[in-house]
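Colleague: Here is a sequence together with a model predicted from it:
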Amino acid sequence: MKKITLASAFVAALLLAGCESSSLENAMPLVTLGPREAPRSRVYDADQRATYEAAKAVVNQMGYRITHGGPAEGEIVALSSVARGDEVGGARQISMKIELEPGPQSGTEMVLSITEIIEGDSSNLQSLATQTPLKDTPLYDDFFARVQAQLSVDAKPK
């Protein structure tokens, strides 16, 4: 047993010791993984409390359920209802994370992250879901436009 282990170690050392960069290594470009989809942001000409209330109203209008956050935290985390996934027994859900902070000059900056949660056949593999930031979705622009419209409605005298 020790002879096999020593022989394996010796062969591995020989292979690694005299390696020079090969033409194949130089011919193949390095594959780099991009950063996760960056959240998108928008600045509103309203204070943080008014922007929070507008975002909360839009989240509710869109049918999402708020799971975490509050005006003092300047954060809302919400989930869509569970929909049928592509696989039999699978499920799909959308998660939104909204962070509010003072804008660079004035107003309130809203940072929005939208993530898709997909679970395969949950009867076989429970609690194994993948979360992927959504790219190139109109949800970002739609949400920002709805918040702006809600702020305009809220600002009108009653």
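Modeller: Done, it's in.

Colleague: can you pull the buried residues of the helix or strand containing residue 118?
Modeller: According to DSSP states H and E, residue 118 maps onto strand 108-119. Neighbour-count burial for strand 108-119 flags 108, 109, 110, 111, 112, 113, 114, 115, 116, 117, 119 (criterion: 16 or more other CB atoms under 10 Å). No exception for glycine: its C-beta is placed from N, CA and C like everyone else's.

Colleague: The fourth one: what's it in contact with?
Modeller: It refers to residue 111. Each residue near residue 111 by CB atoms under 8 Å, 6 or more residues apart in numbering is listed here: 39, 40, 41, 98, 99, 100, 101.

Colleague: Would you mind listing which of those residues are buried?
Modeller: Buried among the contacts of residue 111 (16+ other CB under 10 Å): 39, 98, 99, 100.

Colleague: Following element in sequence after the helix or strand of the chain with the lowest mean pLDDT, please.
Modeller: Across the helices and strands of the chain, mean confidence by mean pLDDT, DSSP states H and E is lowest for helix 23-27: a mean of 42. Per DSSP H and E, helix 23-27 leads on to strand 40-44 as the next helix or strand towards the C-terminus.

Colleague: now for that following strand, which elements pack on it?
Modeller: strand 108-119, helix 139-155 (3 or more CB pairs under 8 Å, 6 or more residues apart in numbering; DSSP states H and E).

Colleague: The same query, at a cut-off of 10 Å, please.
Modeller: helix 48-61, strand 91-102, strand 108-119, helix 139-155 (3 or more CB pairs under 10 Å, 6 or more residues apart in numbering; DSSP states H and E).

Colleague: What is the first one packed up against?
Modeller: Packing partners of helix 48-61 (3+ CB pairs under 10 Å, 6+ apart): strand 40-44, strand 65-70, strand 75-79, strand 91-102, strand 108-119, helix 139-155.

Colleague: mind listing what the third one pairs with, with the direction of each?
Modeller: In other words, strand 75-79. strand 65-70 (antiparallel), strand 91-102 (antiparallel) (DSSP bridges).
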